[in-house]
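1. Here's my sequence, what's the structure:
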Amino acid sequence: MSLIYWIGGSFAASIITIYFVGRRAADSQKIPYTFTCSEKRAAFERWHDHQIKQLGDAANTLFTLATAGLAYSLALLSETNRALFRANAPCIRFFTGAFAVSFLLGFFSIFNRLEDYRKTKRRHRFRDEHPIGSGQRNDAYTSTRNKLYLTTRRIGKWTWGLLYAQGFFFLIGSGAIIFFWIANYSARF
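-> Modelled structure (predicted):
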């Protein structure tokens, strides 16, 4: 039962921290940056595309490794390893919990990235529906655009926060599992 409290408490604390840090960081950002040179904008967009790809690759790798770590942890809980579990219960609970939190954060990160892409697409569509020379741009347009911009910035900060928290818990679980292996299997080497 303590494992469930540890996982739930760690997960809740991570989500709350990510929310407030992301909200503060997004609210402190300048409202959309405009490029004065089309070459700089093209270079920015090219590197931003690389950043999005790397973020996805890193998040997917961490999610896969956390899933594998969680599967290994749960395999240790099987009937054949019952004596090993009794002798090392706190350590096994610790790294199982850390991998479970990392897995959950990765799961929410996937949906958060999808929401980020959806809102960003909506923001770009809104901007393109109101061209500069059309005379339709007014205070309502600016207000809506700024709200969409802040929303996408906040979701983006959530994405990065979830990735960092996922990596943190994965590293904690990995450290605990290495400690477990050294403590139990060092005589074999």
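
2. The helix or strand of the chain with the lowest mean pLDDT: what's the following helix or strand?
-> Sorting the helices and strands of the chain by mean pLDDT, DSSP states H and E puts helix 2-27 at the bottom, at a mean of 67. Next in sequence after helix 2-27, counting helices and strands by DSSP states H and E, comes helix 38-76.

3. following that following helix, which helix or strand shows up next?
-> From helix 38-76, the next helix or strand downstream (DSSP H and E) is helix 82-87.

4. Point out where the protein drops to low pLDDT.
-> Along the chain, the model assigns pLDDT under 70 to residues 1-8, 18-37, 40-41, 44, 79-80, 85, 130-138, 188-189.

5. mind running it again at 90?
-> Where the chain drops to pLDDT under 90, the residues are 1-63, 66, 69-98, 107, 109-164, 173-189.

6. What is the longest helix of it by residue count?
-> Criterion DSSP state H: the longest helix present in the chain is helix 139-185.

7. Just give me how far it sits from the chain centre.
-> How far helix 139-185 lies from its chain's middle: 3 Å, per CA atoms, centre = their mean, to the nearest Å.

8. In terms of secondary structure, what does that helix contact?
-> Where contact means 3 or more CB pairs under 8 Å, 6 or more residues apart in numbering; DSSP states H and E, helix 139-185 is packed against helix 2-27, helix 38-76, helix 89-129. C-beta coordinates here come from the backbone N, C-alpha and C atoms, glycine included.

9. try 10 Å
-> Under the contact definition 3 or more CB pairs under 10 Å, 6 or more residues apart in numbering; DSSP states H and E, helix 139-185 sits against helix 2-27, helix 38-76, helix 82-87, helix 89-129.

10. can you tell which of those helices is closest to Gly167?
-> Proximity to Gly167, assessed across those by CB to CB, is greatest for helix 38-76 (5.7 Å).

11. now that closest one and helix 139-185, what's the angle there?
-> 40 degrees (axes from the mean of the first three to the mean of the last three CA atoms, to 10 degrees).

12. list the buried ones in helix 38-76?
-> Using 16 or more other CB atoms under 10 Å as the test for burial, helix 38-76 gives Leu55, Ala59, Leu62, Phe63, Leu65, Ala66, Gly69, Leu70, Ser73, Leu76.

13. export the residues you listed to CSV and tack on distance to Asp116?
-> Compiled in CSV, the buried residues of helix 38-76 are given as follows (distance: CB to CB, whole Å):
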residue, distance to Asp116
Leu55, 10
Ala59, 12
Leu62, 17
Phe63, 16
Leu65, 23
Ala66, 21
Gly69, 26
Leu70, 25
Ser73, 30
Leu76, 36
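
14. So which of the helices and strands packed on helix 139-185 is nearest Phe179?
-> Nearest of the helices and strands packed on helix 139-185 to Phe179, taken as CB to CB: helix 89-129 at 6.7 Å.

15. Kind regards, and thank you for your time.
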